[in-house]
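S.K.: structure of the sequence below:
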Amino acid sequence: MDLPKLTCELLLVVDMTPDSNLPLRILRAYRQNCDSMWEVHGFTEKQKLIYDEMNLHQIQRAMILDEAILRLENYEKTTRNER
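M.R.: Model (predicted):
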């Protein structure tokens, strides 16, 4: 089965340098990939159902990752100010 195209290319490589910024780089890469949606132009309504659900899950993941990134950024700011 051929899959429909994605709206943007997925980020497949993350700088895995073992430093204090690694967790944020990973989260931001996963978050960036949430912007890629399945294009379903020309599909029947029935055919679109699964891809619509998968696109909805992308949006839900993006919201969760946005919150995680914000919390980690705030944590880093707080700990930096305490030093």
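S.K.: and the residue nearest in space to the middle of the chain, what is it in contact with?
M.R.: Centroid-nearest residue in the chain, with CA atoms, centre = their mean: Arg31, separated by 2.5 Å. By CB atoms under 8 Å, 6 or more residues apart in numbering, the contact set of Arg31 is Ala62, Leu65, Asp66, Ile69. For glycine as for every other residue, the C-beta is placed from the backbone atoms N, C-alpha and C.
S.K.: drop anything exposed from the residues you listed.
M.R.: Using 16 or more other CB atoms under 10 Å as the burial test, the contacts of Arg31 include Ala62, Leu65, Ile69 as buried.
S.K.: list the ones among the residues you listed that fall in helices.
M.R.: In helices, defined here by DSSP state H, the members of the buried ones among the contacts of Arg31 are Ala62, Leu65, Ile69.
S.K.: the helix or strand where Arg71 lies packs against which elements?
M.R.: Assigned by DSSP states H and E, Arg71 falls within helix 45-82. On a contact count with 3 or more CB pairs under 8 Å, 6 or more residues apart in numbering; DSSP states H and E, helix 45-82 meets helix 22-33.
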